[in-house]
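**Student:** Pasting the sequence and the predicted model now:
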Amino acid sequence: MAKSIPLAQAVAENLNPGDTVAFEGFTHLIPHAAAHEAIRQNIGDLTLIRMTPDVIYDQMIGMGLAKKIIFSYAGNPGVGLLRRLRDSIENGWPHRIEFEEHSHSAMANAYEAGAAGLPCAVFRGYKGAGLKEVNPNIRSVTCPFTGEELAAVPAIRPDVSFIHAQKADRKGNVLVEGIIGIQKEAVLAARRAVVTVEEVVDDLGTHTNACVLPNWTISAISVVPGGAHPSYAHGYYDRDNASYLEWDEIAADRDRFLAWMKTNVLEADPADFADRIKGLETAR
Amino acid sequence: MAKSIPLAQAVAENLNPGDTVAFEGFTHLIPHAAAHEAIRQNIGDLTLIRMTPDVIYDQMIGMGLAKKIIFSYAGNPGVGLLRRLRDSIENGWPHRIEFEEHSHSAMANAYEAGAAGLPCAVFRGYKGAGLKEVNPNIRSVTCPFTGEELAAVPAIRPDVSFIHAQKADRKGNVLVEGIIGIQKEAVLAARRAVVTVEEVVDDLGTHTNACVLPNWTISAISVVPGGAHPSYAHGYYDRDNASYLEWDEIAADRDRFLAWMKTNVLEADPADFADRIKGLETAR
Amino acid sequence: MTSADFTSDEMMTIAASRALSNSDVCFVGIGAPSAACNVARLSHAPDITLIYESGTIGTAPQVLPLSIGDGELCDTAVTTVSVPEMFRYWLQGGRVTVGFLGAAQLDRFGNINTTVIGDYDHPKTRLPGGGGAPEIASSCGEIFITLKQSKRSMVSKIDFFTSFGHGEGGDHRQRIGMTTRGPTLLVTDLAIWKPDPETKEFVVTSLHPGVTRETVQETCGWSVRFATDLEETPAPTAAELAVLRDLKARTEKAHGGSKKNGAES
Amino acid sequence: MTSADFTSDEMMTIAASRALSNSDVCFVGIGAPSAACNVARLSHAPDITLIYESGTIGTAPQVLPLSIGDGELCDTAVTTVSVPEMFRYWLQGGRVTVGFLGAAQLDRFGNINTTVIGDYDHPKTRLPGGGGAPEIASSCGEIFITLKQSKRSMVSKIDFFTSFGHGEGGDHRQRIGMTTRGPTLLVTDLAIWKPDPETKEFVVTSLHPGVTRETVQETCGWSVRFATDLEETPAPTAAELAVLRDLKARTEKAHGGSKKNGAES
């Protein structure tokens, strides 16, 4: 049953050095506040999993907390490249991270397989693609009925997944809505799951077939208004596109990056996120 | 793009003798009206697929229209056995049907694989189960990462699927809600899909993550109020439990069965379903 | 505060309900399992999570459903998911702690037949089949079985292995790669049975009030073993009986009320 | 009714939009593909279905999204599904008629690199990677590619096969078990290219107004083939330009409006 606790406690209790961890969100509902808390607690040696590692993994890599990254698209969405990730892979600053690269389809299937308790995902993919030459975790199985060779990748089973969601009810059931991405799978595939939410309400008041995670699938809930910023929370606030554009400049320079992290992450607090969404709130 | 046409036309244009067909519905939203229309049109030699063949397949089998049935639970839900199916398998009346039997998990995975365009479904199942000794379509693949032997069954790819749904909008987009069962998969796995609906509305007015089938996934829509009776349509009318209990008596006797089919199916019409739900309507 | 006036059916349901706790996530079948799970929820385990294979998760019906897909299961659920998701993420994903199964035939090792009586291809009686049972039996943390005793249902050899219990006993589950506990409890109308820790054969550990060893043996097709420390099942309390009877009365009224008079369609 | 006053970017977007029809189901990438798809929807193909890999199906944004997961894509969609469902039922399920791809590097056979410049393990430039591209390239009915011509992007040999076009040409797709058509159209800022029916090498079939063969060759890293019946791309009509420019203006205003002033978080 999910407890509602401060974010610092939720991170400290659920994320350990050396863990395999997913901070998931597909453009929408990216758990920035949780990632910043992990950075503040300096929890390192992590294997970071995410389909679309963007600003938060750029930050974690730049701060030296990542041992390895498993991903399918490492870009700043709508802006360009990830400069801290590049600096690590191209120049080894602050150290060279290992990486395991897949396609989106493979990662989506691998999360699905993780949620489904399977050891691997089977799908039709990677035909003619170069990744299967460089990634030994891309293998194949043969359909026992048609003889077709299908791609197989290992299921994703994080030690812990972090997601941000719109709201929880007082029993700890969590609602994710809008672009739901891979969040349900990230939670169900993980041994532990931590959810930051915009608010806690008496009643989720949603559709019977909406994406709801029952309280017994979640380890901890933390209320962090604005906790997805500069990503967005559908129905609460819009995406802060300017921040994504700015990140491209901040991350371009190692010193500027470190200074920004000091001011905006290391010396900041989860409560600061509520200020960052001022002016971005959507009419409700 | 889905056309809204009379049910007789939708059945005639989409169901051919010898087809592999799924009339799906998991207790809820069972497409009784569509099945009765297929019986009236005497379209035979069918391979019938359904996880939970109940009254409608009992009727189609009893009327001699089935060549084969692929299923995972053949019972009258909450009542007992299917007497026409039994009479066919045990006594060959009106003829002996072939059957291919699976578990629910296998069928659900096989529909999922059909919707996903895969040749087979891979899952953890059938361990120690007798079905894999008698069904040659239960095979296995080996996980190329862990060496675990996983079950594999062929994907379900019907020539045509029939489902009943709550409503369509004027563009032909269809909403299924409540217990959504396997209906989305049945439609997406099939070459053609026919949907009966309670009504057509201007706007589906539902949640963004509700189960909606876009118009271009559907071959034909027919408006048949009450078309799921004696099953139910959540938000429209309740399950007619009495009819399920009565079926047990009707189906127990060949002559009584034939007389009932003559009166209630062969000499009836899709429009009759609206009368059958009188008194079962739910407050809206 | 027990009531001397109860039926063996009531005793069976209440004894089964006592085995469930607040932290359980139950995959519920129709009939006796559904009654037992909901009695637990309405008495000592209000936070128990009940899942029906139709896709309803965390459901809390006021009346017992007639089918696994009644509308009230959805109306009262925390969420309702598709059937593939139910079987992949929730059952196969290992999130169900207790699976409840009934049986047409059961053997002493908890192996179950609900498929055929007689030969598979030319059966004497074609039963409905396994439905979810083969994977419920392997994926749930443990399996509870309820059934009314009779020589027809409790047999020395089942006609078909619909779902695997402990196979031939001992470590047979582990040998075929199963990691879950399998059948850990059998509640009949006469007794409570639990598997021997070594052989995995069901052993009577508790007789329901007024039931003799002879009655248990007479209604069972195999030679029954009784635990050395055989207990008597506590009789239903007045409170337990009230919960069960209220539930049954509400169910009767609700399902009666939705019947139409004289319709035959 | 054409306008002489348009940019090569506008010509590229409008030429690409013309290749789309009402019955198409498009898997849309960000940037030029997104603009082309939405111009088609706002002009000659109002019933086209646009799908973004974030899970939005049948979306109709009033402004161009900055990312593939902007909120407006969801607000205006017929439905929004999970990412696994998107890749399994909709893309792999074969329901997408046209996939739109961009490229960091492209060769004459429509093979694309968006992964690395240089060696994979020790790259000169680490690009974002393929995202959906490997399976978009194999699962969609056909692939349209848009890119601005340059010798850096149109190369004789790509550094990495992010997604497979026609491989080494000819029947290479069929030989590796692909059943879809692969790249059938390349729209650049200078020309329209289509694969030779036999060799599958991209051939210039139409030059945009005012563009010469020399300009096309100077901005392409391989020896360019021109069709014998080389055409001139019709210039954008005033109506097409109006749709595109209105869309861009709305987009500029909307994304500008959501920026905060001076914030650096």
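**Tutor:** Arrived safely, thanks for sending.
**Student:** angle of the host helix or strand of A:A113 against helix B:104-115?
**Tutor:** Assigned by DSSP states H and E, A:A113 belongs to helix A:104-115. Angle between the axes of helix A:104-115 and helix B:104-115 is 170 degrees (criterion: axes from the mean of the first three to the mean of the last three CA atoms, to 10 degrees).
**Student:** Is helix A:104-115 in proximity to chain D?
**Tutor:** Yes. Applying CB under 8 Å from any CB of the partner chain, one finds helix A:104-115 in contact with chain D at A:104-105, A:108-109, A:111-112. To be clear about C-beta, it is placed using only N, CA and C from the backbone, and glycine gets the same treatment.
**Student:** Going by contacts, tell me the helices and strands next to that helix.
**Tutor:** With contacts taken as 3 or more CB pairs under 8 Å, 6 or more residues apart in numbering or on different chains; DSSP states H and E, helix A:104-115 sits against strand A:120-123, strand A:149-154, helix A:183-189, helix D:83-85, helix D:133-139.
**Student:** Please produce TSV containing those, extended by mean neighbour count and mean pLDDT.
**Tutor:** As requested, the helices and strands packed on helix A:104-115 are exported to TSV (neighbours: other CB atoms under 10 Å in any protein chain shown; pLDDT from 0 to 100):
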stretch	mean neighbour count	mean pLDDT
strand A:120-123	26	98
strand A:149-154	23	98
helix A:183-189	27	98
helix D:83-85	27	98
helix D:133-139	28	96
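**Student:** TSV for the ones you listed, including distance to C:D107?
**Tutor:** Listed next are the helices and strands packed on helix A:104-115 as TSV, based on distance: least, CB to CB, whole Å:
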stretch	distance to C:D107
strand A:120-123	35
strand A:149-154	38
helix A:183-189	35
helix D:83-85	40
helix D:133-139	48
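**Student:** residue contacts, the residue of the stretch 151-265 of chain C found nearest chain A?
**Tutor:** Here the residue of the stretch 151-265 of chain C nearest chain A is C:T179; by CB to the nearest CB that distance is 10.5 Å. With contacts taken as CB atoms under 8 Å, 6 or more residues apart in numbering or on different chains, C:T179 has no neighbouring residues.
**Student:** where's it relative to chain D, distance?
**Tutor:** Per CB to the nearest CB, to the nearest Å, C:T179 is found 25 Å from chain D.
**Student:** Assign a three-state SS to that residue, would you?
**Tutor:** At C:T179 the chain is in coil, as set by DSSP: H, G, I helix; E, B strand; the rest coil.
**Student:** Quick one, grab the pLDDT at it.
**Tutor:** Listed pLDDT for C:T179 reads 95.
**Student:** Next, give phi and psi for it.
**Tutor:** In terms of degrees, to the nearest 10, the main-chain angles of C:T179 are phi -110, psi 0.
**Student:** re earlier: tell me which of the helices and strands packed on helix A:104-115 lies nearest to chain C.
**Tutor:** Ranking those by proximity to chain C (CB to the nearest CB) places helix A:183-189 first, at 5.3 Å.
**Student:** starting at the chain centroid, how far to that closest one?
**Tutor:** Centroid displacement of helix A:183-189 relative to its chain, using CA atoms, centre = their mean, to the nearest Å, is 11 Å.
**Student:** again, but for stretch A:176-185
**Tutor:** Stretch A:176-185 sits 11 Å away from the centroid of its parent chain (CA atoms, centre = their mean).
**Student:** how about the CA coordinates for that stretch, as PDB?
**Tutor:** Once non-C-alpha atoms are left out, stretch A:176-185 reads as follows in PDB (Å, rounded to 0.1, in the frame of the first residue of the first chain):
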ATOM      1  CA  VAL A 176      -2.200   9.000 -15.200                       C
ATOM      2  CA  GLU A 177      -4.000  10.600 -18.100                       C
ATOM      3  CA  GLY A 178      -3.400  12.200 -21.500                       C
ATOM      4  CA  ILE A 179      -0.300  10.900 -23.200                       C
ATOM      5  CA  ILE A 180       0.200   7.900 -20.800                       C
ATOM      6  CA  GLY A 181       3.400   6.700 -22.500                       C
ATOM      7  CA  ILE A 182       5.000   3.800 -20.900                       C
ATOM      8  CA  GLN A 183       4.400   4.700 -17.300                       C
ATOM      9  CA  LYS A 184       2.000   1.900 -16.300                       C
ATOM     10  CA  GLU A 185       4.500  -0.600 -17.700                       C
END
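**Student:** Show me what that stretch is in contact with.
**Tutor:** Here stretch A:176-185 makes contact (CB under 8 Å, 6+ apart) with A:24-29, A:51, A:107-108, A:111-112, A:114-115, A:163, A:165-166, A:206, A:210-213, A:234-235, B:207-209, C:89, D:54-56, D:69, D:71, D:73-74, D:80-84.
**Student:** D:S23: which of the residues of helix A:104-115 next to chain D is nearest?
**Tutor:** A:S105 (24.7 Å; CB to CB).
**Student:** what about residue 147, how many residues close to it?
**Tutor:** Just going to use chain A. 8 (other CB atoms under 10 Å in any protein chain shown).
**Student:** my bad, the chain I had in mind was chain C
**Tutor:** 21.
**Student:** these two touch, right, it and C:S153?
**Tutor:** Yes. Taking CB atoms under 8 Å as the definition, C:L147 is a contact partner of C:S153 at 5.8 Å.
**Student:** what's the helix or strand for C:I51?
**Tutor:** Element membership for C:I51, per DSSP H and E: strand C:49-52.
**Student:** and that strand, what does it pack onto?
**Tutor:** strand C:25-28, helix C:32-42.
**Student:** Starting from that strand, tell me which strands it pairs with and how they run.
**Tutor:** Using DSSP bridges, the strands paired with strand C:49-52 are strand C:25-28 (parallel), strand C:56-57 (antiparallel).
**Student:** quick one: which of those strands is nearest B:R191?
**Tutor:** Relative to B:R191, the nearest member of the strands paired with strand C:49-52 by CB to CB is strand C:56-57, separated by 31.0 Å.
**Student:** Contact partners for residue 126?
**Tutor:** All of this refers to chain A. The contact partners of A:Y126, by CB under 8 Å, 6+ apart, come to A:103, A:106, A:132, A:138, A:151, D:134-135.
**Student:** that's the other chain; I wanted chain C
**Tutor:** Residues in contact with C:R126 (CB under 8 Å, 6+ apart) are B:74, B:81, B:85-86, B:89-90, C:116.
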